[in-house]
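Peer 1: Need the 3D shape of this:
(2 chains)
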Amino acid sequence: AQTVTQSQPEMSVQEAETVTLSCTYDTSESDYYLFWYKQPPSRQMILVIRQEAYKQQNATENRFSVNFQKAAKSFSLKISDSQLGDAAMYFCAYRSPNTGNQFYFGTGTSLTVIP
Amino acid sequence: DAEITQSPRHKITETGRQVTLACHQTWNHNNMFWYRQDLGHGLRLIHYSYGVQDTNKGEVSDGYSVSRSNTEDLPLTLESAASSQTSVYFCASSAGRGQVAYNEQFFGPGTRLTVL
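Peer 2: Numbering: from 1, shown residues only, chains lettered A, B, ... in the order given. Predicted coordinates:
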């Protein structure tokens, strides 16, 4: 099974600043999908951004962008102009095309936004 | 709007009791999943289904069972609840091949289960 590693259990950022959350994964597959999910205190899992491995261009969604380094098997999330509402647990996830639609999740990074 | 719901949202039960957590989705998705979330472990897959009458074991399936009698529902049963099964449980669904939004999983709001 694929493994997803988030090496930062906790991170903090000043409001309006930029923060980068790290994610690495282990795979022998060449085609796959990567995701970042946000889990605020409400517990609801919210999709933040997705990246297809065959696309070289990094995905962006408003203030959220990724740095996808396929050779390094790295998929970091950058949050620009951080807002108080960004405070949440963030999970990195890997989807394998070869195991149906199974997702493999990292252990999460808890992000605190300091006013 | 399509959605995925879970019930109950909170449940307290005693060791040894049978417990069933409900999951209902109106996305018409073929695929449904159950995860448990524990501190330090992220989300771990319990069981999943790719369609009616199809069920499969995930990473942490011991002590749990599921059945899929229709597209919309995938109830999760704890046959004899144990304290180690105290956790937050998430149901998720995703489209099957050929359906729209094939790649993404949509999550329910979660059920917090406490086994005393």
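Peer 1: So what would you say the end-to-end distance of stretch A:68-84 is?
Peer 2: Using Cα to Cα, to the nearest Å, one end of stretch A:68-84 lies 26 Å from the other.
Peer 1: likewise stretch A:39-52?
Peer 2: Distance between the two ends of stretch A:39-52: 22 Å, counting by Cα to Cα.
Peer 1: Quick check: mean pLDDT of that stretch?
Peer 2: If you average the pLDDT over stretch A:39-52, you get 93.
Peer 1: Kindly report the same for stretch A:6-20.
Peer 2: Per-residue scores along stretch A:6-20 average to 97.
Peer 1: For it, buried residues please.
Peer 2: Using 16 or more other Cβ atoms under 10 Å in any protein chain shown as the test for burial, stretch A:6-20 gives A:Gln6, A:Gln8, A:Met11, A:Val13, A:Val19. Any C-beta I mention is one placed from the backbone N, CA and C, and that applies to glycine too.
Peer 1: ok, now which ones touch the residue of chain B found nearest chain A?
Peer 2: For chain B, the residue closest to chain A is B:Phe107, as judged by Cβ to the nearest Cβ, at 3.7 Å. Each residue near B:Phe107 by Cβ atoms under 8 Å, 6 or more residues apart in numbering or on different chains is listed here: A:Tyr37, A:Gln44, A:Met45, B:Ile4, B:Phe90, B:Cys91, B:Ala92.
Peer 1: Look up the residues forming beta bridges with it.
Peer 2: B:Ala92 (DSSP bridges).
Peer 1: thinking again about what came up before, and the buried residues of stretch A:6-20 near chain B, which?
Peer 2: A:Gln6 (Cβ under 8 Å from any Cβ of the partner chain).
Peer 1: wait, which of the buried residues of stretch A:6-20 is closest to chain B?
Peer 2: Nearest to chain B, judged by Cβ to the nearest Cβ, of these is A:Gln6 at 8.0 Å.
Peer 1: can you give me the strands for chain B?
Peer 2: Here chain B has its strands, by DSSP state E, at B:4-7, B:10-13, B:19-25, B:31-38, B:42-51, B:54-57, B:64-66, B:76-78, B:87-94, B:106-107, B:111-115.
Peer 1: can you tell me which of the ones you listed comes nearest to A:Phe91?
Peer 2: Comparison of the strands of chain B against A:Phe91 by Cβ to Cβ identifies strand B:42-51 as nearest, at 6.2 Å.
Peer 1: For residue 21, list each beta-bridge partner.
Peer 2: Picked chain A for this. A:Leu77.
Peer 1: I was thinking of chain B, sorry if that wasn't clear
Peer 2: The partner residues for B:Leu21, given DSSP bridges, come to B:Leu76.
Peer 1: Look at it and report its pLDDT.
Peer 2: Confidence at B:Leu21, expressed as pLDDT, is 98.
Peer 1: For burial, what's the neighbour tally of it?
Peer 2: B:Leu21: 21 surrounding residues under other Cβ atoms under 10 Å in any protein chain shown.
Peer 1: Quick check, it in contact with B:Tyr89.
Peer 2: Yes. In this structure, B:Leu21 is within contact of B:Tyr89 by Cβ atoms under 8 Å, at 5.7 Å.
Peer 1: which residues are common contacts for these two?
Peer 2: B:Gln6, B:Trp34, B:Leu76, B:Thr111, B:Leu113.
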